[in-house]
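Trainee: Have a look at this prediction, sequence included:
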Amino acid sequence: MGVARGTAKIECGGLKGRVFSLKAGDVLVLPAGTGHRLIDASKNFLVVGAYPEDGTYDECTDTRECADAAKRIAKVRKPSQDPVYGKSGPLTRLWRR
């Protein structure tokens, strides 16, 4: 998730998760299944989202689907390279199951 314009506060990790203050130029790489929500934003806030080439958008909004969603999340592969910094970026080192 890249911030193209403006500022915002985003909560990641579900209710009572971690709150991030974001500004233009910031990037968040969210592991599969990470809940996130907009708390507040400037009027000009614009965010750009992306998924891996072989990835698809899959949103679980019904708590009865959580067990199946967890199984799908567990199958997500480690990226071949950091989406921001490329092959020398830290994401592939930091990625944990």
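Mentor: Sure thing, it's come through. Numbering: from 1, shown residues only.

Trainee: Spatially nearest residue to residue 40, not counting backbone neighbours?
Mentor: Take residue 40 and drop its neighbours on the chain: the residue closest to it by C-beta to C-beta, 6 or more residues apart in numbering is residue 9, 4.7 Å away. Every residue, glycine included, has its C-beta placed from N, CA and C.

Trainee: So which residues of the protein form strands?
Mentor: 2-5, 7-12, 18-23, 36-41, 46-48 (DSSP state E).

Trainee: can you put those strands in TSV and add mean pLDDT, distance to residue 71 and mean neighbour count?
Mentor: Output for those, formatted as TSV (pLDDT from 0 to 100; distance: least, C-beta to C-beta, whole Å; neighbours: other C-beta atoms under 10 Å):
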stretch	mean pLDDT	distance to residue 71	mean neighbour count
strand 2-5	96	29	16
strand 7-12	94	22	17
strand 18-23	96	25	13
strand 36-41	93	21	13
strand 46-48	95	28	13
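
Trainee: Same list (the ones you listed) but as a markdown table, adding distance to residue 70.
Mentor: Listed next are these as a markdown table, based on distance: least, C-beta to C-beta, whole Å:
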| stretch | distance to residue 70 |
| --- | --- |
| strand 2-5 | 27 |
| strand 7-12 | 18 |
| strand 18-23 | 20 |
| strand 36-41 | 17 |
| strand 46-48 | 26 |
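
Trainee: Out of these, which is closest to residue 68?
Mentor: strand 36-41 (20.1 Å; C-beta to C-beta).

Trainee: From the rest of the structure, what touches the closest one?
Mentor: The contact list for strand 36-41, computed with C-beta atoms under 8 Å, 6 or more residues apart in numbering, reads 1, 6, 7, 8, 9, 10, 11, 12, 13, 19, 28, 30.

Trainee: Walk me through which strands it pairs with, and which way each runs.
Mentor: Strand 36-41 sits in its sheet next to strand 7-12 (antiparallel), going by DSSP bridges.

Trainee: what angle sits between the strand it pairs with and strand 18-23?
Mentor: Interaxial angle of strand 7-12 relative to strand 18-23 (axes from the mean of the first three to the mean of the last three C-alpha atoms, to 10 degrees): 160 degrees.

Trainee: quick one, what contacts the closest residue to residue 44 other than its chain neighbours?
Mentor: Distances taken as C-beta to C-beta, 6+ apart place residue 6 nearest to residue 44, at 4.3 Å, with adjacent residues excluded. Neighbouring residues of residue 6 by C-beta under 8 Å, 6+ apart: 23, 24, 41, 42, 43, 44, 45, 46.
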